[in-house]
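Asks: Sharing a model that was predicted from the sequence below.
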Amino acid sequence: MYLDIIILVVLLLASLWTVMTRSILRSAIGLALTSVILSIVMFRLNSPLAAVFELSVCAGLISVLFVSTISITQPYTTEEILKRMKDMFARFRFLPLIIIVSAIGLAFVSIKPVINLPPPEAIKDARVMLWNVRGFDVMGQILILLTGVFGIVILFKEGLKK
Amino acid sequence: MYSSLILLPFFGVIVLNLPFRALMKKCAFWLCLSIVLFQICLILFPQICCFSDKLDALGSFFKFDFAVDSLSRVMLFCIGIVLFTALFVQRNNCEDEDKIFNFANVSLLILCGMNGVVMVKDIFSLYVFLEITAVSSFILIAFNKESVAFEGAFKYIILSAVATVLMLAAIALFLVISGDTGFSAISSALKVSQGRFFIGFAVGIFLCACFIKSGLVPFHGWVPDAYSSAPASVSVLLAGVVTKTVGIYTLIRIVNSIFGFGDPIKHLLLAVGAISIVVGALAALGQKDIKRMLAYSSISQVGYIVIGLGTGTALGLTGAIFHLFNHSIFKSLLFVNSAAVESETGTRDMDKLSGLAKKMPLTGITSILGSLSCAGIPPLAGFWSKLIIIIALWVSGFRGYAIIAVLASVLTLAYFLSWQRSVFFGILKEDLANVKEAGFGLVFPALILAVIIVGVGIFFPLFINSFALPIENILGG
């Protein structure tokens, strides 16, 4: 129980760092860190397969893509970033405090969920689930990927040529 | 039969991107148009589309699982007719073959997404198709790569991402409660375990997500920017069907099939609807940019749909769906008119325009029909739907809301009359002396939409039998 709470607090801190750090590279690393911690949470919730996906795709592949994109483009210098970000972040200074206080407050409110979690379904293999039961959603996800690719080609291809 | 509505656009995208690029670029527009026309024909004359049964065998490969009722058919028809209009507007406004090719591709993808949204009966599939539609609309808003358009698209992305997170969290809670994601399974699970904190929370955040996606007050911040910064054809598409499908249809379907019309939900819908009607109409009064005025007007009209839904009666639901249909048609028409004015005069600022009716007679006449239908003037289609909504409110005892709806209708008339007076009537300004009627691509769809508005209005008694009676069967289904 305590271990879970510690993991969740670390997850919260990592995600806050991701959105509040001023360096885009650190932000990408923060995202990878958040994904790693999330995969630990998933592992502890008895879904090793989801944890492995999260670890390999979100923490691994996406971070590699982000870091390589950042390193081949030319980001602003630190001074420029500081100049641009100074005003934008002033209003979010209290965000971490508000989140932590409200989390502590929620811990004291006695919400006792009476939820009967369905037992882990051993029969439904992830492969069967993905291809035989949710085939329609898989097709939808193929379409989302296709749309994303089109978006990048349509909106950013000419920029590359320049 | 309905599998073809997903599979044809999907194969269309694949065919367009096969190696014969030069040939495909030439026929992209026509391929997209024929798929859209097929959709309209399939809804109007289901018996002619015999070959589409063969596609169902293919659909079963992908485990297609649809529930198409009369509400879905109304939406499918709206999607078809508005996309048809948007394609013509894009072709008229843009000579570049590459751009038309790209537009056709994204149109087919958004068609897949919206058709999926209105046909599925599983909340997670609904979410997947909502995302296809949302991602396609981000691309379309920023299509011309102008900085204002990127800003509008960015606002939409951020608010849409918030809506997505809320929706996904609600779906996760529903899955925990019911162990399934089908509409009927969740509905029966919710009935068994009513009154739990988590259920109220999940229902609340899902409704919030729908309000954001529909652009209702107080979540309307993205609507004016997105509508006004997008290219003309995309404004038609966004205002005509995209927000209707991802926001309003989802709201109607989820409230009707899963949540049911409990008292808290009814009061929430009525309050949000009434606030949207009034705020949208007041904000529209003060606008000088035609497209921003139409965007605020959309917020107000969407409020009417939600307030009709909030009555929770068969009559209110009929009025809401009928107004949804009417709003798709007349708002597309008005955006086509604004595109025509902008393409001929180069401006959307109402202060710089005057007396255009003499130079652009067809645009002038169709815009009057669209405006009057929106303001609810008999015998046009918009009058009947507003009348049904107001009667439903009065009969179910929400008389205060009925009065708000009637008074806001006067405001609607006020801002549309001021638009007509400043743009189409009055003395023609000297610098507008060389303006001529807009091209075929803008006049032809405007005429079709105007004919629908007048036709549905005049033949309403015939229309109501094929329209309203099936809707009553949806309720509680």
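Replies: That came through, no problem.
Asks: Which pLDDT value goes with the residue sitting furthest away from the middle of chain B?
Replies: Note on chain B: the largest C-alpha distance from the chain mean falls to residue B:430, namely 37.5 Å (CA atoms, centre = their mean). What the model reports for residue B:430 is a pLDDT of 79.
Asks: For the longest helix along chain A, enumerate the helices and strands it packs against.
Replies: Under DSSP state H, the helix in chain A containing the largest number of residues is helix A:135-161. Judged by 3 or more CB pairs under 8 Å, 6 or more residues apart in numbering or on different chains; DSSP states H and E, the packing partners of helix A:135-161 are helix B:4-16, helix B:97-119, helix B:123-141. For every residue, glycine as well, the C-beta is placed using N, CA and C.
Asks: any idea how far residue B:371 lies from chain A?
Replies: Going from residue B:371 to chain A by CB to the nearest CB, to the nearest Å gives 34 Å.
Asks: now residue B:247
Replies: Plainly put, residue B:247 is 19 Å away from chain A if you go by CB to the nearest CB.
Asks: do the same with residue B:31
Replies: Applying CB to the nearest CB to residue B:31 and chain A gives a distance of 16 Å.
Asks: and the helix or strand harbouring that residue, how far from the chain's centre?
Replies: Following DSSP states H and E, the helix or strand that holds residue B:31 is helix B:21-44. Offset of helix B:21-44 from its chain centre (CA atoms, centre = their mean, to the nearest Å): 21 Å.
Asks: Which neighbouring elements make contact with that helix?
Replies: Packed next to helix B:21-44, using 3+ CB pairs under 8 Å, 6+ apart, are helix B:4-16, helix B:70-93, helix B:97-119.
Asks: average pLDDT for that helix?
Replies: When pLDDT is averaged over helix B:21-44, the result is 90.
Asks: got a list of contacts for that helix?
Replies: By CB atoms under 8 Å, 6 or more residues apart in numbering or on different chains, the residues outside helix B:21-44 that reach it are B:1-2, B:4-5, B:8-9, B:12, B:15-18, B:48-49, B:52, B:73, B:76-77, B:79-81, B:83-84, B:87, B:91, B:97-98, B:100-101, B:104-105, B:107-108, B:111, B:115.
Asks: ok, residue 10 - contacts?
Replies: Because you didn't say which chain, this covers chain A. Listed by CB under 8 Å, 6+ apart, the contact partners of residue A:10 are residue A:37.
Asks: that's the other chain; I wanted chain B
Replies: A:139, A:143, B:108, B:112.
Asks: The last one - how many residues pack around it?
Replies: By other CB atoms under 10 Å in any protein chain shown, 27 other residues sit near residue B:112.
Asks: For it, give its distance to chain A.
Replies: The gap separating residue B:112 from chain A is 6 Å, by CB to the nearest CB.
Asks: Dump the C-alpha coordinates for stretch A:35-48 into CSV.
Replies: In CSV, the C-alpha atoms belonging to stretch A:35-48 read as follows (Å, rounded to 0.1, in the frame of the first residue of the first chain):
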residue,chain,number,x,y,z
SER,A,35,6.3,6.3,-18.7
VAL,A,36,8.7,4.1,-16.8
ILE,A,37,7.0,4.7,-13.5
LEU,A,38,3.6,4.2,-15.1
SER,A,39,4.7,0.8,-16.4
ILE,A,40,5.7,-0.1,-12.8
VAL,A,41,2.2,0.8,-11.8
MET,A,42,0.8,-1.3,-14.5
PHE,A,43,3.0,-4.2,-13.6
ARG,A,44,1.8,-4.0,-10.0
LEU,A,45,-1.8,-4.0,-11.2
ASN,A,46,-1.2,-7.5,-12.8
SER,A,47,-1.0,-6.4,-16.4
PRO,A,48,2.5,-7.3,-17.4
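Asks: Now the element after the helix or strand containing residue B:307, going C-ward?
Replies: Assigned by DSSP H and E, residue B:307 falls within helix B:290-310. Going down the chain from helix B:290-310, the next helix or strand is helix B:314-345, by DSSP H and E.
Asks: State the mean pLDDT of that following helix.
Replies: Helix B:314-345 comes out with an average pLDDT of 91.
Asks: and it with helix B:70-93, angle?
Replies: If you take axes from the mean of the first three to the mean of the last three CA atoms, to 10 degrees, helix B:314-345 sits at 0 degrees to helix B:70-93.
Asks: Point out the other helices and strands that helix B:314-345 packs with.
Replies: Using 3+ CB pairs under 8 Å, 6+ apart, the elements in contact with helix B:314-345 are helix B:70-93, helix B:232-237, helix B:250-254, helix B:290-310, helix B:361-375, helix B:381-395, helix B:440-458, helix B:460-474.
Asks: what would these look like in TSV with mean pLDDT?
Replies: Converted to TSV, those look like this (pLDDT from 0 to 100):
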stretch	mean pLDDT
helix B:70-93	91
helix B:232-237	92
helix B:250-254	92
helix B:290-310	93
helix B:361-375	91
helix B:381-395	92
helix B:440-458	92
helix B:460-474	71
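Asks: for those, which one sits closest to residue A:51?
Replies: helix B:250-254 (31.0 Å; CB to CB).
Asks: From the chain's centroid, how far away is the closest one?
Replies: From the chain centre to the centre of helix B:250-254 is a distance of 14 Å (CA atoms, centre = their mean).
Asks: Packing partners of that helix?
Replies: helix B:123-141, helix B:197-214, helix B:290-310, helix B:314-345.
Asks: TSV please, covering those helices and showing mean neighbour count and distance to residue B:381.
Replies: Below are the helices and strands packed on helix B:250-254 laid out as TSV (neighbours: other CB atoms under 10 Å in any protein chain shown; distance: least, CB to CB, whole Å):
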stretch	mean neighbour count	distance to residue B:381
helix B:123-141	25	26
helix B:197-214	21	21
helix B:290-310	28	13
helix B:314-345	26	5
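Asks: Distance to residue A:45 added to the ones you listed, as JSON lines?
Replies: Converted to JSON lines, those look like this (distance: least, CB to CB, whole Å):
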{"stretch": "helix B:123-141", "distance to residue A:45": "19"}
{"stretch": "helix B:197-214", "distance to residue A:45": "17"}
{"stretch": "helix B:290-310", "distance to residue A:45": "37"}
{"stretch": "helix B:314-345", "distance to residue A:45": "40"}
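Asks: on that earlier part again, pull the most distant pair out of the contacts of residue B:10.
Replies: Between all members of those, the farthest pair (by CB to CB) comes out as A:139 and B:108, at 14.5 Å.
Asks: The two: which has the busier surroundings?
Replies: residue B:108 (27 against 21).
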